[in-house]
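Enquirer: test case, fold it:
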Amino acid sequence: MKIEIFGRSAPHCPFCEAAKSFCERFGKEFTYSDMSKGEWDPAQMAERLGHPVRTVPVVFVDDKFIGGAAELGDLLRK
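Expert: Numbering: from 1, shown residues only. Now for the predicted structure:
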């Protein structure tokens, strides 16, 4: 399972932290890219998604957009 999390650290994002924590709790490897550190561009992400980025985190599993932290938690609990 390939998990990609796109979030931000400034200002603090509790949902981004929750997404990372879910992966750690369930022993899943993941990559995390931080918008506030210039590691991803919302305009480019909008092209990938086909719509503007309105919230973070943006989570992909096996290259498929699944939603945010809640959806990732639901998937990993199954």
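
Enquirer: quick one: A10 and E4, what's the gap?
Expert: Remark: distance between A10 and E4 (C-beta to C-beta, to the nearest Å) = 20 Å. Glycine gets a C-beta too; all of them are placed from N, C-alpha and C.

Enquirer: same question for K37.
Expert: Taken as C-beta to C-beta, the span from K37 to E4 is 16 Å.

Enquirer: have a look at A10 and E4 and say which one is more surrounded.
Expert: Taking other C-beta atoms under 10 Å, A10 and E4 do not tie; E4 has more neighbours (17 against 9).

Enquirer: am I right that the more buried one sits in a strand?
Expert: Yes - assessed by DSSP: H, G, I helix; E, B strand; the rest coil, E4 belongs to a strand.

Enquirer: does it really touch F60, like I thought?
Expert: Yes - contact criterion C-beta atoms under 8 Å: E4 and F60 qualify, at 4.4 Å.

Enquirer: mind listing what the closest residue to P57 other than its chain neighbours touches?
Expert: Leaving aside its sequence neighbours, P57 sits nearest to G7 (C-beta to C-beta, 6 or more residues apart in numbering; 4.0 Å). By C-beta atoms under 8 Å, 6 or more residues apart in numbering, the contact set of G7 is C13, F15, C16, A19, K20, Y32, S33, D34, M35, V56, P57, V58.
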